[in-house]
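Novice: Got a predicted structure plus its sequence, pasted below:
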Amino acid sequence: MRVDVLDLRTFYYRTGLGRAAQRAIRGRLLDLWPEAKGQSVVGYGFAVPLLRPYLVDARRVLGLMPAQQGVMPWPMGMPNVSLLCEEVIWPLSTGMADKLIVHHGLETSDHPADLLDECYRVLGPGGRAMFIVPNRAGLWARSERTPLGHGRPYSLTQLEALLKRHGFMPERHAAALFQPPSHRRFWLRAGGLCERVGQRLSNHYAGGVLMVEAGKQVFAPGGRLSVAEKPRMAPVLEGLHQPTRVASPGHLRGRAH
């Protein structure tokens, strides 16, 4: 089930818990991807809260939002870089993305297999994709009061297996959002401490979201190679009898004497 873009905007930009979640996830993303100088960065789902640091030095930043969710202009006060698209048909050329961030995209998709195929198409050679999904073992996936409580949560094993089936090779993973999904002031103030302690204790348990970085798996051509036999060049007169030498009349006369 898709969460409406107005609800996503309200949560991440207008609530204390949403702003804390935004800081935690974006901070962990920047630990893994600190810069994108001269690169094309694409976000899908509701990834725009995570894209702002890359506006400074990236060659291009785009925020794709699925039609079932809706779209909002972003960033505020700057030229708009967000656009509405079909879930499995993106208006992007093949291989144009150097970095791809999928947030609130995979777990709520009606066609996750087709979505991953589209991610594979858009990601360029040597590019990296970051898939961010609700953690099945975390507290946030169990609370419907936040956007992370909707859709299908994943375990690390499930997510990595799904990515491998669609041509991605998981390279490293992380977890974020260790604070409880509570609007209480105490937990909001303790959010930073929860993140530091949680990341020391576990890299994929208890966190509210799982983050898996993956590259494209490019397969070598299959089958056996065969070398064509070089054709034998047949002589033009092959098969004809060799001509016999006929003596000249003078030669015969000489022999007669």
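Specialist: Good, I have the coordinates.

Novice: which regions of the stretch 101-250 of the chain sit below the pLDDT cut-off?
Specialist: 202-205, 219-250 (pLDDT under 70).

Novice: Show the residue spans covered by the helices in it.
Specialist: Counting by DSSP state H, counting those that start in this stretch, the stretch 101-250 of the chain has helices at residues 112-122, 156-165, 185-189, 191-201, 249-256.

Novice: what about residue 169, how many residues close to it?
Specialist: 13 (other C-beta atoms under 10 Å). Where you see a C-beta, it was placed from the backbone N, CA and C, and this is true even at glycine.

Novice: from here on, count from 10
Specialist: Sounds good: first residue 10 from here, last item residue 178.

Novice: How about residue 190, nearest residue that isn't a chain neighbour?
Specialist: Leaving aside its chain neighbours, residue 190 sits nearest to residue 152 (4.4 Å; criterion: C-beta to C-beta, 6 or more residues apart in numbering).

Novice: Go ahead and confirm that neighbour touches residue 158.
Specialist: Yes - counting by C-beta atoms under 8 Å, residue 152 touches residue 158, with 4.7 Å between them.

Novice: anything in contact with each of these two?
Specialist: residue 190 (C-beta atoms under 8 Å, 6 or more residues apart in numbering).

Novice: And the closest residue to residue 61 other than its chain neighbours, how far from residue 108?
Specialist: With C-beta to C-beta, 6+ apart as the criterion, residue 61 has its nearest non-adjacent residue at 6.4 Å, and that residue is residue 84. Noted for residue 84: a distance of 17 Å to residue 108, by C-beta to C-beta, to the nearest Å.

Novice: Residue 18 too?
Specialist: 23 Å.

Novice: Compare the two (neighbour count), which wins?
Specialist: residue 108 (22 against 17).

Novice: Tell me the spacing between that one and residue 41.
Specialist: Residue 108 sits 10 Å away from residue 41 when distances are taken as C-beta to C-beta.

Novice: Are there residues contacting both of the two? Which ones?
Specialist: Joint contacts of residue 108 and residue 41 (C-beta under 8 Å, 6+ apart) are residue 139.

Novice: ok, and the closest non-adjacent residue to the residue most central in space within the chain?
Specialist: What sits nearest the mean C-alpha location of the chain, by C-alpha atoms, centre = their mean, is residue 138, with 3.3 Å. Spatial nearest neighbour of residue 138, chain neighbours left out: residue 109 (4.2 Å); criterion: C-beta to C-beta, 6+ apart.

Novice: residues touching the one you found, list them.
Specialist: Neighbours of residue 109 in contact, by C-beta under 8 Å, 6+ apart: 50, 51, 52, 53, 128, 131, 132, 136, 137, 138, 139.

Novice: and the second one, bridged to which residues?
Specialist: As for beta bridges, residue 51 partners with residue 71, residue 109 under DSSP bridges.

Novice: Now for it, how many residues are close by?
Specialist: 25.

Novice: about what we covered before: possible to save the helices of the stretch 110-259 of the chain as CSV with mean neighbour count and distance to residue 25?
Specialist: Listed next are the helices of the stretch 110-259 of the chain as CSV, based on neighbours: other C-beta atoms under 10 Å; distance: least, C-beta to C-beta, whole Å:
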stretch, mean neighbour count, distance to residue 25
helix 121-131, 19, 31
helix 165-174, 16, 29
helix 194-198, 12, 5
helix 200-210, 15, 9
helix 258-265, 8, 121
